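>>> Pasting the sequence and the predicted coordinates here, then a few questions.
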Amino acid sequence: MSRTKNILTGSIRFSGDGIYLVEKKRGVKRIADPIQVTAFGTSEPASARELAYTAVEFLDREGERKKVIIPSSMLVSEHMEFVALLAGRGYLWPPTRSLWHKIIGELSIVKPVRRIRVTPVPGCHGDSYVLPGESYTPKGPDRNHFELCHNPTVRLGEFRRSGTLKKWKKHIAKACIHSSRSRLAVAAVFAAPNLRLLNINSFGLNFSGMTSAGKTLIIRSAGSAAGLNSSEGPTTWDGSAAGFEQRALGHRDSVVLFDDMSHLDQPDLAKLVTFRLAGNRPKAKAGQYVTANNLVDLDWRVIALSTSENPIWQHLTKSGRGRVRGEQVRMINVRACISDKGDIFDGAKADERVGSTLEERLDFVEKLEKRTQDYQGEAYRTYLAKRFADKGAEATLTSYMAQFLEAAVLPEQLRWLGRIRRFFAVVYASAAQAIDYGVLPWRKRATLKTILSCMTDAMDQLTATFPDTTDGVEPNKSDDLLLAEFKRRVENANFVRIGPNRRKSQSKKSRLKNADGFVQPTGPGRVRYLLCSKTLETWFPDVTTRKHLAALLRSLGILKPGRRSDTSTRQISIAPLKKRVSCYVLLRKRIGKSCS
């Protein structure tokens, strides 16, 4: 009603040089600086969480053009919140409230031509990768389709851009040749966007060693590749479990930096954070709580890069006792200071290029730290542009992983280290791919050797601390523990519905390809759940444990029998993918009863 009353006394006209009030008797009067509705968008289309958004551009008091992405509902029912938002960004509103409501009312009915996809988190969205200011698609970089919107529960990484790729390669990447640990950390930056594609869970690398030996430079070198360095230095371990989840969401499908574990008031919190990150999702919360508090309920894949003076899990273990724990193969400790000078520079020509005295090496570190801030972000974005336009990317990565696994043969008694080996394999594969793309100025053979040496160091620490571990992480789990873990993983799994492929959507194909399982309609109002056999292999990599679990689930009626008597799987035809996929038929209703 108030809008109708306002229209009777005058109408609003939006122009490039301002907002005008048009009245029959008084004519046209400029009442405010420009505001324009530039696009209409949606988030998570065709899902229960789909929301409408509006893109608004305006001029602030200094004449600088700014942009905000807001829920469209704000223009209808939350006028004062919109006024406060723009005022906080520097917009000068007219002096009277009646004009505020008139302007906002007219903005709410503007129908812009441009359509965008809105998301509160960066990372992989279908077959595209989103960063602030630009997304990377199969057709190349794009600045129009995706927009990141602010959400207070997401601590978005800066993903800065400064300098050029050429200067980054010259001043940063080539310097990493003199430190195997810096090379590993930078390679991990290019591995993070590939975890989802290769169905690998989040994990972390912690670099431990004495202070003033270059550990923070390792983190800064990785941050320069991704564009995460600031003048304040890398983000630290200071925070709560919820805060770390917000960082993971804000660095989704990328690296997240945790420098200096001494900032952590409660060392045991590192264990909780590690399991939360490796779980790939925020802590489960009630649906109404998520909606009421505008929480982001999306998964992530991240590689955490951390530093500490002592090995990260030293406070939780005693040498020679017990078995390796789950957190120790998810946040992997790598000794940082392994050169004969007691610092991170262990390269063959480090004395010649870095310096042979303490003063020379400290000077080298100081200069390189400054350069990591001057040249950053371009390497990562160049890699993403090529990687997401490369139709053969997955095959290439798989081939390079196989090459690494062949070079990193594990003795039979060390099969329990297989998960760690796979993590290092994806780091090498992504670095090799970045070398192919011309992003990293390294040699593949030297990179393979370097990453192998880092992996060997990490494994040596574990085998020395846990000599009795012979077959699996925390082996011989009870059936109750296995069932509880299986239930937790199924609850967090990504099941995608199979339907008629009428629209031939590439995003639907991508979701099916990356799914943990499928929901298949079997009749009116009826469906069945299919769990991919590769998913179960990822969840339970040990063959003996997986076979025992499958037999246990069949005996409880949670899994249906397979097509043959000697298997629990069936070959399911997935039409949009044009292939058959090995799956378990899962009766989800029985999980709660059997696992209670």
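Cool, the structure landed. Numbers count the residues shown, from 1 in each chain.
>>> hang on, isn't Leu86 packed against Glu57?
No - contact criterion C-beta atoms under 8 Å: Leu86 and Glu57 do not qualify, at 10.7 Å. For the C-beta atoms, the positions are set from N, CA and C on the backbone; glycine is no exception.
>>> Comparing those two, which shows the higher neighbour count?
Counting neighbours by other C-beta atoms under 10 Å for Leu86 and for Glu57 shows that Leu86 has the greater number, 20 against 14.
>>> Can you name the next helix or strand after the longest helix along the chain?
For the chain, the helix with the greatest residue count under DSSP state H is helix 444-465. The C-terminal neighbour of helix 444-465 among helices and strands, as given by DSSP states H and E, is helix 479-492.
>>> Neighbouring strands of the following helix or strand past that next one in the sheet, and parallel or not?
Reading on from helix 479-492 to the C-terminus, the next helix or strand found by DSSP H and E is strand 495-497. If you go by DSSP bridges, strand 495-497 pairs up with strand 517-523 (parallel).
>>> Check which residues of the partner strand are buried.
Judged by neighbour count (16 or more other C-beta atoms under 10 Å), strand 517-523 contains these buried residues: 517-518, 520.
>>> returning to what we had before: tell me the residues that contact both of Leu86 and Glu57, please.
Common neighbours of Leu86 and Glu57, using C-beta atoms under 8 Å, 6 or more residues apart in numbering, are Ile35.
>>> so where's the protein uncertain?
Along the chain, the model assigns pLDDT under 70 to residues 1-10, 46-48, 263-267, 281-297, 315-325, 412-413, 466-478, 500-506, 564-566, 592-596.
>>> Count the neighbours of Lys341 for me.
For Lys341, the neighbour count with other C-beta under 10 Å is 18.
>>> How about Pro524?
By other C-beta under 10 Å, 5 other residues sit near Pro524.
>>> Please give the element, helix or strand, for Tyr129.
strand 128-131.
>>> residues in contact with that strand?
If you take C-beta under 8 Å, 6+ apart as the criterion, strand 128-131 is touched by 119, 121-123, 135-138, 142, 145-146, 148, 159, 193, 253, 381, 384, 387-388.
>>> go on, stretch 226-240?
With C-beta under 8 Å, 6+ apart as the contact definition, stretch 226-240 has outside contacts at 157-162, 189, 216, 219-220, 222-223, 247, 251, 254-264, 269-270, 306, 372-373, 376-378, 380-381.
>>> what's Tyr405 in contact with, if anything?
No Tyr there; residue 405 is Leu. By C-beta under 8 Å, 6+ apart, the contact set of Leu405 is 421-422, 425.
>>> Include distance to Ile103, neighbour count and secondary structure when you put the residues you listed into JSON lines, please.
Formatted as JSON lines, those follow (distance: C-beta to C-beta, whole Å; neighbours: other C-beta atoms under 10 Å; DSSP: H, G, I helix; E, B strand; the rest coil):
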{"residue": "Arg421", "distance to Ile103": "61", "neighbour count": "20", "secondary structure": "helix"}
{"residue": "Arg422", "distance to Ile103": "56", "neighbour count": "20", "secondary structure": "helix"}
{"residue": "Ala425", "distance to Ile103": "57", "neighbour count": "26", "secondary structure": "helix"}
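>>> thinking again about what came up before, okay if I get the buried residues of strand 517-523 as JSON lines plus distance to Val527?
Output for these, formatted as JSON lines (distance: C-beta to C-beta, whole Å):
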{"residue": "Gly517", "distance to Val527": "12"}
{"residue": "Phe518", "distance to Val527": "10"}
{"residue": "Gln520", "distance to Val527": "6"}
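>>> What sits closest to Leu92 if chain neighbours are left out?
Once flanking residues are discounted, Leu92 sits nearest to Arg61: 5.3 Å by C-beta to C-beta, 6 or more residues apart in numbering.
>>> Then Ala55?
Excluding the flanking residues, the one nearest Ala55 by C-beta to C-beta, 6+ apart is Ala39, at 3.9 Å.
>>> what about that neighbour, neighbour count?
Using other C-beta under 10 Å, Ala39 has 20 other residues around it.
>>> next SSE after the host helix or strand of it?
Ala39 is part of strand 35-43 when elements are defined by DSSP H and E. Later in the chain than strand 35-43, the nearest helix or strand by DSSP H and E is strand 51-59.
>>> quick one: contacts of that next one?
Taking C-beta under 8 Å, 6+ apart as the rule, strand 51-59 contacts 33-44, 65-75, 86, 89, 91, 107, 112, 114, 116, 118, 147, 149.
>>> Give me the buried subset of the residues you listed.
Buried by 16+ other C-beta under 10 Å: 33, 35-37, 39-43, 68-71, 74-75, 86, 91, 107, 116, 118, 147, 149, out of these.
>>> mind listing what the residue lying closest to Val519 once chain neighbours are set aside touches?
The shortest distance from Val519 to any non-neighbouring residue, by C-beta to C-beta, 6+ apart, is to Arg497 (4.4 Å). The neighbours of Arg497, taking C-beta under 8 Å, 6+ apart as the test, are 518-521, 527.
>>> and these as TSV, adding distance to Ile312?
As requested, the contacts of Arg497 are exported to TSV (distance: C-beta to C-beta, whole Å):
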residue	distance to Ile312
Phe518	38
Val519	39
Gln520	43
Pro521	47
Val527	44
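>>> and those residues, which two are the farthest apart?
Spatially, the most separated pair among the contacts of Arg497 is Phe518 and Pro521, at 10.4 Å (C-beta to C-beta).
>>> Can you tell me which of the contacts of strand 128-131 end up in strands?
In this view, the contacts of strand 128-131 that belong to strands under DSSP state E are 119, 123, 135-137, 142, 146, 148.
>>> Of the residues you listed, grab the buried ones for PyMOL.
Of these, the buried ones can be selected in PyMOL as follows, counting by 16+ other C-beta under 10 Å:
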select buried, resi 119+123+135+136+137+146+148
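>>> since we're on Ile451, how many residues are nearby?
By other C-beta under 10 Å, neighbour count at Ile451 equals 25.
>>> residues contacting it?
Contacts of Ile451 by C-beta under 8 Å, 6+ apart are 180, 183-184, 187, 404, 424, 427-428, 431.
>>> and the gap between the closest residue to it other than its chain neighbours and Asp142?
Nearest residue to Ile451, sequence neighbours excluded (C-beta to C-beta, 6+ apart): Tyr428, at 4.7 Å. Shown here: Tyr428 relative to Asp142, a distance of 30 Å by C-beta to C-beta, to the nearest Å.
>>> got it, and Glu327?
From Glu327 across to Asp142, the span is 39 Å (C-beta to C-beta).
>>> does Val110 belong to a helix or a strand, and which?
Going by DSSP H and E, Val110 is not in any helix or strand.
>>> Quick check: it touching Thr38?
No - Val110 is not in contact with Thr38 according to C-beta under 8 Å; the separation is 9.5 Å.
>>> Could you name every residue contacting both of the two?
Between them, Val110 and Thr38 share no contacting residue under C-beta under 8 Å, 6+ apart.
>>> Can you tell me the SS state at His101?
helix (DSSP: H, G, I helix; E, B strand; the rest coil).
>>> Once you drop chain neighbours, what's closest to it?
His79 (5.8 Å).
>>> State the distance from the one you found to Gly105.
As judged by C-beta to C-beta, His79 and Gly105 stand 8 Å apart.
>>> can you list the domains in this structure?
Listed by automatic domain parsing, the domain ranges of the chain are 2-117, 120-148, 165-379, 479-595.
>>> ends of the shortest one, how far apart?
Between the opening and closing residues of domain 120-148 there is a gap of 5 Å (C-alpha to C-alpha, to the nearest Å).
>>> before we move on, what about stretch 405-419?
With C-alpha to C-alpha as the measure, stretch 405-419 spans 11 Å from end to end.
>>> quick one: buried residues of it?
Buried residues in stretch 405-419, counting neighbours by 16+ other C-beta under 10 Å, are found at 405, 408, 414-419.
>>> likewise stretch 269-283?
270-271, 273-274, 276-282.
>>> Please apply the same query to stretch 354-361.
354-355, 361.
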